[in-house]
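Visitor: okay, here's the prediction I keep looking at, along with the sequence it came from:
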Amino acid sequence: MGIIRVKKDSNYSVINNTGLKDERLSWKAKGILAYALTLPDDWTFHISELARHAKDGEDSLRTGFKELKELGYVKRYPVRDGNTKKITRWDTEIYETPQRNMPQVENQDVVKPYVENQTLLNTNRLTTNKRNTNIQNTNHFDDMDKLDSRVFINERVKVSCNFIKGMGIPLSEIAIAELGDFCNLFSDELIQYAINKAVDENAPRWNYIKAILRNWKEQEVKTLVDVAIIDRRFEMSKKKKYNGTGRKYSNRKEIVPDWLYKDDESTNLEEERKTVQSIDEERERLQEVLNKYRS
């Protein structure tokens with residue numbers, strides 16, 4: 001195999017080869033790491049924005065970042081307001097070499113560590129400069145048992161509340177009541193996915209989580225498969241918006257009733273859901289036939 005190299009006089013980066021040669025990482029994770037290390041110091045980390053630069057989509061990107069987190073190449077931690085101690089944003093740091101003894105998150109809320117590596121041309125840490133979200137939730141509750149006398153909550157709601165609390169997201173009494181309504185509509189798996197999605201998109205606050213769940217309610221989401229279908233549809237629409245080519249049309253606008261879009265979207269979601277279910281059923285049938293032959 002021949003390797004054709006170009007003269008490195010412009011548009012290039014110098015990075016440490018440790019991550020690229022780490023056999024524990026998938027090629028996907030290595031590619032994400034290499035790309036991230038070419039970004040400038042002041043680049044704002046955002047999953048949905050980063051996903052625009054490749055065709056994989058957000059789910060694939062999250063999977064790769066999960067690998068990097070588990071092996072010490074990526075660290076995300078909350079930054080709290082010095083006075084209120086509330087989380088204002090989540091910062092992300094990306095390392096060229098895995099960090100075995102990474103500092104505890106609780107000790108990194110206000111003062112961010114400095115990563116010294118001044119000899120490289122590209123960055124080895126990636127921090128966000130997201131504006132302060134100014135979370136204004138009041139009457140936050142840390143003890144779910146004390147809340148039973150005020151708001152009726154069951155064990156499922158307690159589990160979701162504790163999961164949100166573990167992310168450092170405050171909840172008011174009203175927010176907990178709203179969460180209870182969503183717990184009646186969605187599974188624990190979907191609730192936790194929405195929470196993780198909000199954190200990954202640098203919006204660790206209840207109103208953002210609520211917006212995600214409300215959208216799923218309107219889309220009649222039932223499973224993570226439905227979420228994947230909606231996310232894929234959203235990614236395709238973004239690509240069409242940013243990369244669309246073709247004939248140019250006039251600026252004439254025609255008024256189309258909202259119900260037309262809603263019915264079409266719900267029908268498409270149902271059709272895609274049936275397609276996924278049919279594939280799963282066929283896979284199970286073939287597996288049963290294969291097991292008979294093996295026995």
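Guide: Perfect, thanks for sending it.

Visitor: which residues of the stretch 101-250 of the chain score low on pLDDT?
Guide: Judged by pLDDT under 70, the stretch 101-250 of the chain has its weakly predicted residues at 101-153, 240-250.

Visitor: Cys183: helix or strand, and which one exactly?
Guide: For Cys183, the host element (DSSP states H and E) is helix 173-185.

Visitor: send me that helix as PDB with only the CA atoms.
Guide: Provided in PDB are the C-alpha atoms of helix 173-185 (Å, rounded to 0.1, in the frame of the first residue of the first chain):
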ATOM      1  CA  GLU A 173     -42.200  21.400  43.400                       C
ATOM      2  CA  ILE A 174     -44.000  22.400  40.100                       C
ATOM      3  CA  ALA A 175     -41.300  20.700  38.000                       C
ATOM      4  CA  ILE A 176     -41.700  17.500  40.100                       C
ATOM      5  CA  ALA A 177     -45.400  17.500  39.500                       C
ATOM      6  CA  GLU A 178     -44.800  18.000  35.700                       C
ATOM      7  CA  LEU A 179     -42.300  15.200  35.800                       C
ATOM      8  CA  GLY A 180     -45.000  12.900  37.400                       C
ATOM      9  CA  ASP A 181     -47.300  13.600  34.400                       C
ATOM     10  CA  PHE A 182     -44.500  12.600  32.000                       C
ATOM     11  CA  CYS A 183     -43.700   9.500  33.900                       C
ATOM     12  CA  ASN A 184     -47.300   8.400  33.300                       C
ATOM     13  CA  LEU A 185     -46.800   8.800  29.600                       C
END
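
Visitor: list the buried residues in that helix.
Guide: 175-180, 182-183 (16 or more other C-beta atoms under 10 Å). In short, each C-beta sits where N, CA and C put it, glycine included.

Visitor: please apply the same query to stretch 211-225.
Guide: 212-213, 216, 219, 221.

Visitor: before we move on, the earlier item: helices or strands next to the helix holding Cys183 in the packing?
Guide: helix 155-166, helix 188-200, helix 206-218 (3 or more C-beta pairs under 8 Å, 6 or more residues apart in numbering; DSSP states H and E).
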